[in-house]
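1. okay, predicted coordinates and the sequence, questions at the end:
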Amino acid sequence: MRRAWILLGVLAPAIAASPTAANAGTLAIVGGTVETASPAGRIPDGTVLIRDGRIVAVGAAIDIPAGAEIVDARGKIVTPGFMDPVSTIGLSEVSLEPSTVDTNVANDRFGASLDAADAFNPRSMLIPVNRIDGVTRAVVTPVGVAGGVIVGRSAAVNFGDAAAAVDRRHVAVHAMFGEAGAAQAGGARTAAFARLREALGDARDFGQNRRAWEQAGRRDYGLHHHDLEALQPVLRGELPLVVHVERASDIVALIELADEFGVRLIVTGGAEAWMVADRLAAAGVPVIINALANLPHSFESLGATLENAARLAAAGVTVAFGPDSTGGGSHNSRNLGQSAGVAVANGLPWQVGLAAITANPARIYGLEDVGQLQPGFVADVVIWDGDPLEVTSYPDAVYINGRAMPMESRHTLLRDRYLELLNLR
């Protein structure tokens with residue numbers, strides 16, 4: 001509700017073009033300070049030219065075709081849309097109402113083969129709430145499987161098209177280690193680690209001996225054959241394995257396991273990741289952190305610090321931010337800008353902070369055409385009334401796939417309803 005009350009009495013800006021016009025032809029956003037989150041960096045008095053949902057040109061001196069719709073962004077800041085890299089939006093509507101939560105499984109029949117895309121609701125009421133604060137995409141994932149350390153496959157989604165919201169069904173396989181994994185495996189990290197090694201070992205053996213298994217000429221495996229199939233792209237290096245882990249020693253153990261099986265590893269959580277930043281950088285392992293994590297929430301995060309992101313980036317680690325890096329967040333993706341701002345206030349360069357919520361999440365998942373303002377990329381564009389990493393700044397307009405989004409949510413509708421009842425409009 002913060003947006004609702006801060007905006008009381010303020011007229012809605014008239015900067016956004018109509019959805020029909022923006023989608024139908026060519027759109028030029030002109031005059032703003034364009035933060036590309038790409039090697040082009042910042043472009044003062046820049047232009048972003050969009051055609052048929054894609055960016056065709058970005059620069060300070062762009063020829064605008066006749067008939068193009070022009071949006072005046074003078075005095076504004078123009079950025080790519082934000083991406084939440086570990087989210088349950090569309091999978092969890094009301095956290096305390098089990099019938100609306102599709103993130104946790106109470107049995108261990110399936111694990112890696114669970115598919116977030118199958119349950120994703122593109123009409124979730126939480127999507128507009130987060131979208132009007134500049135969030136245009138997310139990677140949505142299951143959270144937990146009873147008795148299992150591998151929790152399922154995530155999907156890349158956009159918040160602009162209910163009919164085609166899932167951009168890619170499988171972007172990663174997710175797992176748990178540390179305290180969360182130990183709890184699922186019987187209470188000890190040793191058991192969680194053994195389960196994870198067994199799963200990868202069985203999947204490798206299954207892939208190498210599938211025909212023998214089909215003919216009952218191979219040993220039984222600890223996982224269902226659908227889970228073993230789901231792990232094949234991980235072993236081939238086509239999909240990353242995303243593991244939630246906080247403690248520095250646990251991160252090192254995972255780096256060594258990933259190297260043993262030739263797996264692309266992504267760390268989420270990472271409260272103590274800064275302690276082993278050199279190991280992460282040398283292994284090329286990116287880290288998704290909650291930049292607001294400052295105090296220990298358990299014994300495995302005693303090293304939590306607001307300087308985590310700055311120290312990781314200084315060591316050469318690719319960093320992304322999630323409002324809840326455990327994968328349990330659905331309501332507060334809208335706080336991504338605040339997370340980046342806090343990291344910047346604690347030593348992270350501003351441009352790196354913006355990349356951590358735009359270009360980096362896309363890059364670490366192999367989503368090659370989102371997260372930056374450059375030619376050929378999807379036209380997810382946000383026009384801000386101030387610094388997007390400041391909590392008092394808000395979008396004047398949000399475009400997804402080149403189409404202007406309605407700047408309303410259930411929060412703004414509730415605000416307007418009571419303004420009307422109180423005769424304040």
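-> Now that the structure is in, tell me what you want to look at.
2. next one: stretch 343-361 to chain centre, how far?
-> 14 Å (Cα atoms, centre = their mean, to the nearest Å).
3. ends of that stretch, how far apart?
-> Stretch 343-361 has an end-to-end distance of 16 Å (criterion: Cα to Cα, to the nearest Å).
4. which residues in the stretch 151-300 of the chain form helices?
-> 178-185, 189-208, 210-214, 225-230, 232-235, 248-261, 277-283 (DSSP state H, counting those that start in this stretch).
5. torsion angles phi and psi at the residue most central in space within the chain?
-> Centroid-nearest residue in the chain, with Cα atoms, centre = their mean: Pro85, separated by 1.7 Å. Phi and psi for Pro85, reported as degrees, to the nearest 10, are phi -80, psi -10.
6. how close does the residue lying farthest from the centre of the chain get to Arg210?
-> The C-alpha centroid of the chain is most remote from Gly217, which lies 42.4 Å away (Cα atoms, centre = their mean). Counting by Cβ to Cβ, to the nearest Å, the gap from Gly217 to Arg210 is 11 Å. Every C-beta, even on glycine, is put in place using the N, C-alpha and C of the backbone.
7. ok, Gln374 touching Gly41?
-> No - applying Cβ atoms under 8 Å, one finds Gln374 not in contact with Gly41, separated by 10.9 Å.
8. of the two, give the one with the bigger neighbour count.
-> Neighbours were counted for Gln374 and for Gly41 using other Cβ atoms under 10 Å; Gln374 has more, 18 against 10.
9. residue contacts, the more buried one?
-> 36, 38, 40, 55, 58 (Cβ atoms under 8 Å, 6 or more residues apart in numbering).
10. what's the closest of the helices of the stretch 151-300 of the chain to Ala304?
-> helix 248-261 (11.3 Å; Cβ to Cβ).
11. same for the closest one, what does it pack against?
-> The contact analysis (3 or more Cβ pairs under 8 Å, 6 or more residues apart in numbering; DSSP states H and E) places helix 248-261 against helix 189-208, strand 241-245, strand 265-269, helix 277-283.
12. check the offset of that helix from the chain's centre.
-> The answer for helix 248-261 is 23 Å, by Cα atoms, centre = their mean.
13. and the angle for it with strand 241-245?
-> 160 degrees (axes from the mean of the first three to the mean of the last three Cα atoms, to 10 degrees).
14. so for helix 248-261, mean pLDDT?
-> Averaging pLDDT along helix 248-261 gives 97.
15. and Ala22, what pLDDT?
-> Per-residue pLDDT puts Ala22 at 38.
16. flag the shaky bits of the stretch 251-400 of the chain, pLDDT-wise.
-> Applying pLDDT under 70 to the stretch 251-400 of the chain flags residues 323-330.
17. can you pull out the strands in it?
-> Taking DSSP state E, counting those that start in this stretch, the strands of the stretch 251-400 of the chain run over residues 265-269, 287-289, 319-321, 381-384, 395-400.
18. show residues contacting the first one.
-> Applying Cβ under 8 Å, 6+ apart, the external contacts of strand 265-269 come out as 85-86, 172, 178, 240-246, 251, 254-255, 258, 273, 280, 283, 285-290, 322, 325-327, 364.
19. now the fourth one
-> Residues external to strand 381-384 that are found in contact with it (Cβ under 8 Å, 6+ apart): 15-16, 29, 32, 48, 50, 55, 71, 73, 76-82, 134, 136, 373, 388, 393-399.
20. list the contacts for Ala57?
-> Applying Cβ under 8 Å, 6+ apart to Ala57 gives the contacts 47-49, 375.
21. change it to 10 Å
-> Residues in contact with Ala57 (Cβ atoms under 10 Å, 6 or more residues apart in numbering) are 28, 47-51, 63-64, 374-375.
22. cool, Phe206 as well?
-> So Phe206 contacts 212-213, 218, 221, 223, 225, 227-229, 231-232, 235 (Cβ under 10 Å, 6+ apart).
23. let me see the ranges of the strands in the stretch 1-150 of the chain.
-> Under the criterion DSSP E, counting those that start in this stretch, strands of the stretch 1-150 of the chain are mapped to 26-35, 42-51, 54-59, 69-72, 77-80, 82-87, 104-105, 135-140, 144-145, 150-158.
24. sheet partners, orientation included, of the fifth one?
-> It stands for strand 77-80. strand 26-35 (parallel), strand 381-384 (antiparallel) (DSSP bridges).
25. list the buried ones in that strand?
-> 77-80 (16 or more other Cβ atoms under 10 Å).
26. relative to Thr141, which of those is nearest.
-> Pro80 (21.8 Å).
27. I'd like the distance between that closest one and Val252.
-> Relative to Val252, and taking Cβ to Cβ, Pro80 is found at 33 Å.
28. follow-up on the earlier one: buried subset of the contacts of Ala57?
-> Among those, those classed as buried by neighbour count (16+ other Cβ under 10 Å) are 28, 47-51, 374.
29. save the residues you listed as TSV, and put in distance to Gly269 too.
-> Formatted as TSV, the buried ones among the contacts of Ala57 follow (distance: Cβ to Cβ, whole Å):
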residue	distance to Gly269
Ala28	42
Thr47	40
Val48	35
Leu49	40
Ile50	36
Arg51	40
Gln374	31
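30. can you tell me which of the residues you listed is nearest Glu97?
-> Minimum distance to Glu97 across the buried ones among the contacts of Ala57 is 39.5 Å, recorded for Ile50 (Cβ to Cβ).
31. wait, doesn't that closest one sit right on Ile64?
-> No - contact between Ile50 and Ile64 fails when scored by Cβ atoms under 10 Å: they sit 11.1 Å apart.
32. what comes up buried for stretch 232-252?
-> Across stretch 232-252, burial judged by 16+ other Cβ under 10 Å covers 232, 234-235, 239-248, 250-252.
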